[in-house]
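**Student:** Any chance you could fold what I've pasted below:
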Amino acid sequence: MFADLPLLSLLIWLPIAGGVLVLMTGDEQRLKHTRVYALLISLLTLAFCVPLYLGFDINTAEMQFQEKVSWIDSFSIYYHLGVDGISMPMIILTSFINLIAVAAGWQAIQTRVAQYMASFLILAGLMNGVFAAMDSILFYVFWEAMLIPMFLIIGIWGGENRIYATIKFFLYTFLGSVLMLVGLIYLYTQSGSFAIIDYYTLPIGLTAQILIFVGFMLAFAVKIPMWPVHTWLPDAHTEAPTAGSIILAAIMLKMGGYGFIRFSLPILPDASSDLAWLLIAMSLIAIVYIGFVALIQKDLKKLIAYSSIAHMGFVTLGFFVVFALVSADRFSAAVLGVQGAMVQMISHGFISGALFLGVGVLYERMHSRQISDYGGVANSMPIFAAFFMLFALANAGLPGTSGFVGELFVILSAFQANPWYGFWAGTALILGAAYTLWMYKRVMFGEIANDRVAALKDVNGREIALLVLLAIPVLLIGLWPQPLLEVMEVSIEHLLQFAVTSKLGF
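**Tutor:** Predicted coordinates:
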């Protein structure tokens, strides 16, 4: 019965329309009302994810909840939406994290509150559009449009160097995406269609595949971000407000990984196979080198930002080891690798969101992100320290947490592709434990560093509620990942069939 509802349009346009409403009705004299409106709209958006999940058929790889309306007739461009087992969990994650982000700025933001809340609501709708779009131009419009609210969030409510960070963020992500548009236009000239699924069976020569792959790779690698196009991320995280960092790490980074699995692998299988060595090398460098970079960070946000880059290396590694596995007739291991990459994306959304929320809790009280300014926080904030310990251990990949599941799957598949891949990927478990637990020890344990730390008040009811909401999926996925794996399995197998089928013989 849910299939008759325009659920995807509701998930896209409800938060966008709500953001416009908040922008029009909010003013500085009614801050409480503005926040309540934004929270209610976020809750309602998340509520529509319930019928999306309950009505989803896990036994088919077909796109579900489709909506198709002609948009630009002369170019056969459609407002075409749909979800499968890969995109549906990402939409739920987006709607959930947006609720956390709106609540996270409840007290921290005191100026231009209506504009702030509206930016997050509109951003949520645009991000849902990215995951639901089945027309490549519609995808590109949502992909680029979401830069605008994030540009404003960092540029208006960010730190002292927010202008520099904002411009760097915008230029990196926008310029990388321009080449993706060129590739999409070429695919249209060859097929006469902008439908993404039409490209899966479109014959493309190897040279064209490689050129398009490079254009796609720049767009997606910048967004993840992969080494060496990662330098915009620490600056953006450092200057962004807490909720901005939560959205940036939990959702926007995942769009690069989603682009690889939705576009690069199934549309350009031969180029993906030929250049897999490059993506694997970049992924392993991110896992190992960036892990060492995280070790020397003195700023809490920068440490977690570099940690995100290292963890996202598992995503691209899981995607691109599939070619070595399939050539060795290990298709089930290839599926395992992609499953691990997808679980890693979902898991990292909750864990990184929680860690940035924790840093925000400390920053609101101390107005410092420097690790050296802390010490002994557990003595004055024991409840917060317990929650932060859970998320720190999940970030380090502790068994029983969601951070372990995705990394284990990717390491197992990488080891079957090449033992050295598995070895270097496995170092992340050591490095992750090193930089995360050392950070936790310096901030939380030991003698109280100063009078300001001694005067800290523990988390309030709102903050506890947010931490609990994030802790539940971290533990649930870690202890019982099967429901998530079942949702994704058929869709992953379907896309992999395109990814491992050469187009050169068409």
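**Student:** what comes up buried for stretch 482-495?
**Tutor:** If you call a residue buried by 16 or more other Cβ atoms under 10 Å, then stretch 482-495 has these buried ones: 484-485, 487-495. C-beta: built from backbone N, CA, C; applies to glycine.
**Student:** contacts for it?
**Tutor:** With contacts defined as Cβ atoms under 8 Å, 6 or more residues apart in numbering, stretch 482-495 is touched by 56, 58-61, 84-86, 88-89, 261-262, 265-266, 335, 338-339, 342-343, 346, 477.
**Student:** Make a PyMOL selection of whichever of those turn out to be buried.
**Tutor:** Listed next is the PyMOL selection for buried residues among those, using 16+ other Cβ under 10 Å:
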select buried, resi 56+61+84+85+86+88+89+261+262+265+266+335+338+339+342+343+346+477
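**Student:** Out of the contacts of stretch 482-495, which sit inside helices?
**Tutor:** Those of the contacts of stretch 482-495 mapping onto helices are 88-89, 265-266, 335, 338-339, 342-343, 346, 477, per DSSP state H.
**Student:** Nearest to residue 160 among those residues?
**Tutor:** Of all the ones in helices among the contacts of stretch 482-495, residue 346 has the smallest distance to residue 160: 33.7 Å, by Cβ to Cβ.
**Student:** what's the pLDDT at the closest one?
**Tutor:** pLDDT recorded at residue 346 is 92.
**Student:** Please apply the same query to residue 169.
**Tutor:** pLDDT at residue 169 comes out at 79.
**Student:** residues contacting the spatially closest residue to it that is not a sequence neighbour?
**Tutor:** Nearest residue to residue 169 in three dimensions, chain neighbours excluded: residue 236, at 4.4 Å (Cβ to Cβ, 6 or more residues apart in numbering). By Cβ under 8 Å, 6+ apart, residue 236 lies in contact with 154, 165-166, 168-169, 248.
**Student:** would you list these in JSON lines and tack on secondary structure?
**Tutor:** Output for the contacts of residue 236, formatted as JSON lines (DSSP: H, G, I helix; E, B strand; the rest coil):
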{"residue": "154", "secondary structure": "helix"}
{"residue": "165", "secondary structure": "helix"}
{"residue": "166", "secondary structure": "helix"}
{"residue": "168", "secondary structure": "helix"}
{"residue": "169", "secondary structure": "helix"}
{"residue": "248", "secondary structure": "helix"}
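**Student:** Can you give me the neighbour number for residue 164?
**Tutor:** Close neighbours of residue 164, defined as other Cβ atoms under 10 Å, add up to 12.
**Student:** right, and the helix or strand after the helix or strand containing it?
**Tutor:** Using DSSP states H and E, residue 164 maps to helix 162-191. Next in sequence after helix 162-191, counting helices and strands by DSSP H and E, comes helix 196-199.
**Student:** tell me the average confidence for that next one?
**Tutor:** 90.
**Student:** who touches that helix?
**Tutor:** Counting by Cβ under 8 Å, 6+ apart, 63, 133-136, 139, 187, 191, 193, 262-263, 266-267 sit against helix 196-199.
**Student:** rewinding a little: if you rank the contacts of residue 236 by neighbours, which is first?
**Tutor:** Going by other Cβ under 10 Å, residue 154 tops these with 28 neighbours.
**Student:** Let me know the distance separating it from residue 451.
**Tutor:** 32 Å (Cβ to Cβ, to the nearest Å).
**Student:** Contacts only, for residue 108.
**Tutor:** Contacts of residue 108 by Cβ under 8 Å, 6+ apart are 241-243, 360, 364.
**Student:** What's the separation between the residue lying farthest from the centre of the chain and residue 384?
**Tutor:** For the chain, the largest distance from the centre (Cα atoms, centre = their mean) belongs to residue 451, which lies 37.7 Å off. The gap separating residue 451 from residue 384 is 19 Å, by Cβ to Cβ.
**Student:** what does residue 324 give?
**Tutor:** Residue 324 is 44 Å from residue 384, by Cβ to Cβ.
**Student:** Sheet partners, orientation included, of the top strand by length along the chain?
**Tutor:** Determined from DSSP state E, the single longest strand within the chain is strand 64-72. Partners of strand 64-72 in the sheet, by DSSP bridges, are strand 77-83 (antiparallel).
**Student:** Alpha carbons of the partner strand, as CSV, please.
**Tutor:** Presented in CSV, the C-alpha positions along strand 77-83 are these (Å, rounded to 0.1, in the frame of the first residue of the first chain):
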residue,chain,number,x,y,z
ILE,A,77,15.0,14.8,-19.1
TYR,A,78,12.7,13.5,-16.4
TYR,A,79,11.9,14.0,-12.8
HIS,A,80,12.5,10.4,-12.1
LEU,A,81,12.9,9.0,-8.7
GLY,A,82,13.4,5.5,-7.3
VAL,A,83,15.3,3.5,-4.7
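**Student:** what sits up against it?
**Tutor:** The set of residues external to strand 77-83 that reach it, using Cβ under 8 Å, 6+ apart, is 8-9, 12, 52, 56, 63-71, 91, 131-135, 137-138, 194-195.
**Student:** how far is stretch 356-374 from where the chain is centred?
**Tutor:** 23 Å (Cα atoms, centre = their mean, to the nearest Å).
**Student:** Can you give me the buried ones in that stretch?
**Tutor:** Of the residues in stretch 356-374, those buried (16+ other Cβ under 10 Å) are 356-363, 365-366, 369, 371, 373-374.
**Student:** so which pair among these is furthest apart in space?
**Tutor:** 357 and 373 (18.9 Å).
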